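Enquirer: with the input below, show me the fold.
(2 chains)
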Amino acid sequence: MTMGHLALRGVSKVYPGNPPLYALKEVSLDIDRGEFVGVVGPSGSGKTTLLSLMGLLDKPTAGEVWLDGVNVAALSEAARSQARSDQIGFVFQQFYLLPALTARDNVAVGMLYQGLGAAERRRRADAALDRVGLTPRAGHRPGQLSGGEQQRVAIARAIAGEPAVVFADEPTGALDQASGRVVMDCLRSANDAGTTVVVITHDLALADQMGRQIHMLDGEASE
Amino acid sequence: MTRLKAFFGRRGAASDKTKRRRKHLRPTDVVATAALGPRTRLVRTGLSALGIAIGIAALVAMQGIPASVQAEIRAEMDRQGANLLVVHPGSTDMYGSEPPIPLPASAPAMIARIAPVEGVLARRDLDQVGVYRSALIPEGQSGGITASVAEGDLMRTLRVGLAEGKWFDQAASGLPTVVLANGAARRLGVGVGARIWIAQRWWAVIGVLDRIELAQEMDSTAFLAPDFTAELYPDTEIASIYVASAPGRSAAVRQVIPATANPEQPNGVSVTQLSDLFSASMMVDKMFQTLSLGLGGLALLIGGIGIANTMVVAVMERRGEVGLRRAIGARTGQIAVQFVLEAAFIGLIGGLLGLGLGAYATFIFTAATHSAFAMPLWVLPAAPVVSIAIGAIAGLYPALKAARLSPTEALRAI
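Expert: Numbering: from 1, shown residues only, chains lettered A, B, ... in the order given. Got it, this is the predicted structure:
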């Protein structure tokens, strides 16, 4: 059986408690390079937990997570951090931009832990801002940008380091429809450039636009 | 094969791309990252730095002000002659109820033989003798001028020069001549060449001294010719002996003076040092300094707690930032270092502010008291170093708290 670029094998995640919460139940799936995948499901279905595990933010209770042929679930915390910085980009519903920095510097921060020099980070940041169409706003701070623009800065930050995979957790959740469309366009163009994009959403209409859908329900995945 | 595998595989397998990448932040990035938080919240940074600033300022001022005072005291002591000892007839009875024992006539010569002694001056006061401008002045209106005989090297011992005329030579010593201290000359309104009336006869003024700074009690004295006076008043006792010793040797000289001056009754010799008073004032300064050190330390402790408090709040507020940084690849150690450095940075701001404030306070103090500005040089590096250390220690707990946040936990919280 061939393994995808990103592969989960029997992955479970249990949060301890009384009773324990089974957030994921033996999920196995493969995502190939360049795919545009939507993960849909109601609140509490395990979408975000799935993203945390695929994005190396958390370790599974059981099972294996393979990225690029490496079982990342077995890696140390430091190694997973390094893998995140080199291989993965994140886009969050709340943007998480640093308010004191300009759009360009916010994008550059995304590459901080890759060990690139400041000039190189800035050069790539400008290129990424150009890709999301925000070059004219490069010198603005988040407070001076609209929600949609802020999310596009966040997308630029996620793609500037040329990650293999970008995970977007409800990227349009805090935006109006028009802004949401522009944001999705940005993600799609990143995907067109070869980046694997995984979007988590509870919006079925949005998921319909994606090449592939994974449905989550009660911690189980289906297609 | 692929990037990740190359990265975590054996060294030889590393691709060009992974070779180019470093796992560690550059020092400039570390500093810039740490400075970001304090820069973002200037008011809060300033206020939390203020506690440290006050503490450091207090400590700096407490180094500077006593140092300035001590510099002033040293200058004063130099002016006053720290090496000058004054020997008086003393009482063997510690309560001073017994009459003082006269100093033997041999005492000045004996003291002069002590090796580090550079100058000896014996003063005999003619208490009953008045000094008058002329014979017409009524008896008793001598204007407080004392008639004395100075034997020895007055000018060398008391470091005083002549305003005009000359000191007694062999010839003048046997004639009715007088040398006036500066104050006495002014009071009498006479100079060299004048004649004044002492002990029912005219005396010629042959010299006028400069002001005697080291022994101002002698400034209104008329020094009578030693040989001539000795014949008139053969039994005058020695009132005091001034002893100038080599620099730094006065303590040693002081110890041997009693037995040298009066071998039979060393207890009957009293020796004082002009600098005694200053030592006492320096001791008071020392206590003042210790107290201030305590207060400054307390201010620093409170300042440190203030920074810790600020950092705890900062970490709570910036969980999202912590989560984001973890998501983009920051390791736990890098998060901890960021927050420790942030706290150290606040401390540094406080330290520099405090250094400036403390130096300014010292400057104001010295300007107001007309004393010399003095600041121990070690304060310059010590103030920032201490404040950075306090900041870092204060930031340790919040930083560890931030670092321990799991990425998912940190990102969840908003």
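Enquirer: wait, what's in contact with residue 55?
Expert: Since no chain was named, I'll use chain A. A:Gly55 makes contact with A:Arg84, A:Ile88, A:Phe90, A:Val165, A:Phe167, B:Ala327, according to Cβ atoms under 8 Å, 6 or more residues apart in numbering or on different chains. All C-beta spots, glycine's among them, are computed from the backbone N, C-alpha and C.
Enquirer: that's the wrong chain, I meant chain B
Expert: B:Gly296, B:Gly297, B:Leu298, B:Ala299, B:Leu300, B:Leu301, B:Ile302, B:Gly303, B:Gly350, B:Gly354.
Enquirer: same question, B:Ile307
Expert: B:Ser48, B:Ala49, B:Gly51, B:Ile52, B:Ala343, B:Ile346, B:Gly347, B:Gly350, B:Ile390, B:Gly391, B:Ala394, B:Gly395.
Enquirer: nearest to chain A, of these?
Expert: Each of the contacts of B:Ile307 was scored against chain A by Cβ to the nearest Cβ, and B:Ile346 proved nearest at 15.6 Å.
Enquirer: next, that closest one: secondary structure please.
Expert: Three-state assignment for B:Ile346 (DSSP: H, G, I helix; E, B strand; the rest coil): helix.
Enquirer: how much space is there between B:Met316 and chain A?
Expert: From B:Met316 over to chain A the distance is 16 Å, taken as Cβ to the nearest Cβ, to the nearest Å.
Enquirer: starting at the chain centroid, how far to the helix or strand encompassing that residue?
Expert: Per DSSP states H and E: B:Met316 is located in helix B:276-317. Centroid separation for helix B:276-317 versus its chain: 20 Å, with Cα atoms, centre = their mean, to the nearest Å.
Enquirer: about what we covered before: top of the contacts of B:Gly55 by neighbour count?
Expert: Within the contacts of B:Gly55, most neighbours by other Cβ atoms under 10 Å in any protein chain shown means B:Gly350, with 33 neighbours.
Enquirer: show me the contacts of A:Gly55 that map onto helices.
Expert: A:Arg84, B:Ala327 (DSSP state H).
Enquirer: just the contacts of A:Gly55 now: which is nearest A:Ala174?
Expert: Nearest to A:Ala174 among the contacts of A:Gly55: A:Phe90, at 15.2 Å, using Cβ to Cβ.
Enquirer: between the contacts of A:Gly55, which is closest to A:Gly133?
Expert: Taking Cβ to Cβ as the measure, A:Gly133 lies nearest A:Phe90 of the contacts of A:Gly55, at 20.4 Å.
Enquirer: how about the contacts made by that closest one?
Expert: A:Gly55, A:Ala158, A:Val166, A:Phe167, A:Ala168, A:Asp169, B:Leu324, B:Ala327, B:Ile328.
Enquirer: centre of the chain to the lengthiest helix in chain A, how far?
Expert: The single longest helix within chain A, with elements called by DSSP H, is helix A:177-192. From the chain centre to the centre of helix A:177-192 is a distance of 14 Å (Cα atoms, centre = their mean).
Enquirer: point me to the residue of chain A nearest chain B.
Expert: For chain A, Cβ to the nearest Cβ, closest residue to chain B: A:Ser85, 2.2 Å.
Enquirer: next, give phi and psi for the nearest residue to that residue once chain neighbours are set aside.
Expert: Of all residues not flanking A:Ser85 in the chain, B:Gly329 sits nearest, at 2.2 Å (Cβ to Cβ, 6 or more residues apart in numbering or on different chains). Note on B:Gly329: its backbone torsions stand at phi 110, psi 10 [degrees, to the nearest 10].
Enquirer: do B:Ile238 as well
Expert: phi -80, psi 120.
Enquirer: state the distance from B:Glu317 to chain A.
Expert: From B:Glu317 over to chain A the distance is 11 Å, taken as Cβ to the nearest Cβ.
Enquirer: what distance do you get for that residue to B:Ala402?
Expert: 11 Å (Cβ to Cβ, to the nearest Å).
Enquirer: ok, now A:Ala79?
Expert: Taking Cβ to Cβ, one finds A:Ala79 at 21 Å from B:Ala402.
Enquirer: so these two - more neighbours on which side?
Expert: Under the criterion of other Cβ under 10 Å, the comparison of A:Ala79 against B:Ala402 puts B:Ala402 first, with 28 against 18.
Enquirer: thought B:Ile335 was touching the more buried one, still the case?
Expert: Yes. Judged on Cβ atoms under 8 Å, B:Ala402 makes contact with B:Ile335 at a distance of 5.4 Å.
Enquirer: overlap in contacts of those two?
Expert: Joint contacts of B:Ala402 and B:Ile335 (Cβ under 8 Å, 6+ apart) are B:Val322.
Enquirer: bridging residues for the residue nearest the centre of chain A?
Expert: In chain A, the centroid-proximal residue (Cα atoms, centre = their mean) is A:Phe167; its distance is 1.5 Å. Listed by DSSP bridges, the beta-bridge partners for A:Phe167 are A:Phe90, A:Val198.
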